[in-house]
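[1] here is my input, please return the structure:
(one chain, ligands or ions: 1)
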Amino acid sequence: MLIKRPWGQRRDYLTDALSQLAGWIRDGDCIKRTLQLDDVQHALLTERITVAADALGVRPQIRRLDGRTQIKVCHEADGALTQAEVGLAARIEAAYTQLTR
Ligand SMILES: C[C@H](O)[C@H](O)[C@H]1CNC2=NC(N)=NC(=O)C2=N1
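    Below you'll find the model as predicted:
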């Protein structure tokens, strides 16, 4: 059951959640992250992200640029970030930590 939050509170929720996600930057209504990965790690991470993204119904934009992996997560419809986007970012962080520790 989705808890109906007044806008102000919801916005705070997202700000709090994002403050836990070190390295993620807000870009308008999206959040983005750049990761230092080699090609093998990039392929593994992309695979894991895809599984999580499908489960959450979120479609991240992933690209490879100058040996770095860039990820951008936006909300499909009206732009407002939801728990799904923030949840995917957290899953991406967990996968990144597993791959690089
Ligand atoms: C067209 C699309 O917005 C771009 O290719 C996306 C892909 N993922 C991205 N990820 C990050 N971190 N920064 C970007 O500017 C970015 N751009």
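
[2] for this structure, give me the ranges with low pLDDT.
    1-13, 78 (pLDDT under 70).

[3] which element, helix or strand, includes the residue nearest to the spatial centre of the chain?
    Centroid-nearest residue in the chain: residue 89, 2.6 Å away (criterion: CA atoms, centre = their mean). Using DSSP states H and E, residue 89 falls within helix 83-100.

[4] related to what we said a few turns ago, OK, contacts around the residue nearest to the centre of the chain?
    Residue 89 makes contacts with 18, 21, 24, 31, 33, 73, as judged by CB atoms under 8 Å, 6 or more residues apart in numbering. Every C-beta, even on glycine, is put in place using the N, C-alpha and C of the backbone.

[5] can you pick the most crowded of those residues?
    Within the contacts of residue 89, residue 73 tops the neighbour count with 26 neighbours, counted by other CB atoms under 10 Å.

[6] mind listing what the closest residue to residue 85 other than its chain neighbours touches?
    Using CB to CB, 6 or more residues apart in numbering and skipping residues adjacent in sequence, the residue nearest residue 85 is residue 73, 4.9 Å away. Residue 73 is in contact with 30-32, 58, 60-61, 85, 88-89, counting by CB under 8 Å, 6+ apart.

[7] which residues are in contact with the nearest residue to residue 80 once chain neighbours are set aside?
    What sits nearest to residue 80 in space, not counting adjacent residues and going by CB to CB, 6+ apart, is residue 29, at 6.3 Å. Counting by CB under 8 Å, 6+ apart, residue 29 makes contact with 74-75, 79-81.
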